[in-house]
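J.: Predicted model, plus sequence, below.
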Amino acid sequence: MMKKIASITLLTILVISQLIAALQLMAVPVTASSTGGREDLIIVFKGPVTADDVKYLEALGGVVKYTYTIIDGVAVDLPQGAADRLRGESGGAGVPGSDTIAGRINYIEPDGVMYALGGTAPEEKPSTLSSLPERITSSLANSVHIL
């Protein structure tokens, strides 16, 4: 009787964990946005972020959303033209440009969701809820062995 209860409990836990994993796959990923002529970027400087750096980005029409402490950078929402200008003036790879603040930029990258195991949000998503039970069933068939 105890083995039966333990097996049912284990099976229930596995089903719930597979359901949670499948629902996470269905989530719409948040990625860098360029809608409305704006771009979400992370701008990393060659040294600590200064007040002049923030003022410069705001003068370009940017909205600084977050100043990082672990890296010398900021998350910023910039108009497309300003983003293109910064990429050109910073050389895209830290080559100093004609503008002194832009010359302090080490690199620019799109802001978006990243995963600890590498890569970005998965592009493949189940198209409907009807595919969810099939994913759970096939996943369970491969991972659950009842004693």
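T.: Done, it's in.

J.: Put the alpha carbons of stretch 9-19 into CSV.
T.: Provided in CSV are the C-alpha atoms of stretch 9-19 (Å, rounded to 0.1, in the frame of the first residue of the first chain):
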residue,chain,number,x,y,z
THR,A,9,2.7,10.9,-5.3
LEU,A,10,5.8,10.7,-7.5
LEU,A,11,3.7,10.5,-10.7
THR,A,12,1.6,13.5,-9.6
ILE,A,13,4.7,15.5,-8.9
LEU,A,14,6.1,14.6,-12.3
VAL,A,15,2.9,15.5,-14.1
ILE,A,16,2.7,18.8,-12.4
SER,A,17,6.4,19.6,-13.1
GLN,A,18,5.9,18.7,-16.8
LEU,A,19,2.7,20.9,-17.0
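
J.: That one - what's its average pLDDT?
T.: In this model, stretch 9-19 has a mean pLDDT of 80.

J.: what are the phi and psi angles of the nearest residue to residue 37 once chain neighbours are set aside?
T.: Once flanking residues are discounted, residue 37 sits nearest to residue 80: 4.7 Å by CB to CB, 6 or more residues apart in numbering. Every residue, glycine included, has its C-beta placed from N, CA and C. For residue 80, the backbone dihedrals (degrees, to the nearest 10) come out as phi -50, psi -40.

J.: Cross-check the contact I'm expecting between residue 80 and residue 41.
T.: No - in terms of CB atoms under 8 Å, residue 80 does not count as a neighbour of residue 41; the distance is 10.6 Å.

J.: Looking at those two, which is more packed in?
T.: More crowded of residue 80 and residue 41, by other CB atoms under 10 Å: residue 41, with 26 against 12.

J.: isn't that one right next to residue 83, touching?
T.: Yes - contact between residue 41 and residue 83 holds when scored by CB under 8 Å: they sit 6.1 Å apart.

J.: would you list every one of the helices in the protein?
T.: All helices of the chain, identified by DSSP state H, fall at 2-26, 51-59, 80-89, 100-103, 131-143.

J.: tell me which strands and helices the first one is in contact with?
T.: What that stands for is helix 2-26. Packing contacts for helix 2-26, counted by 3 or more CB pairs under 8 Å, 6 or more residues apart in numbering; DSSP states H and E, involve helix 131-143.
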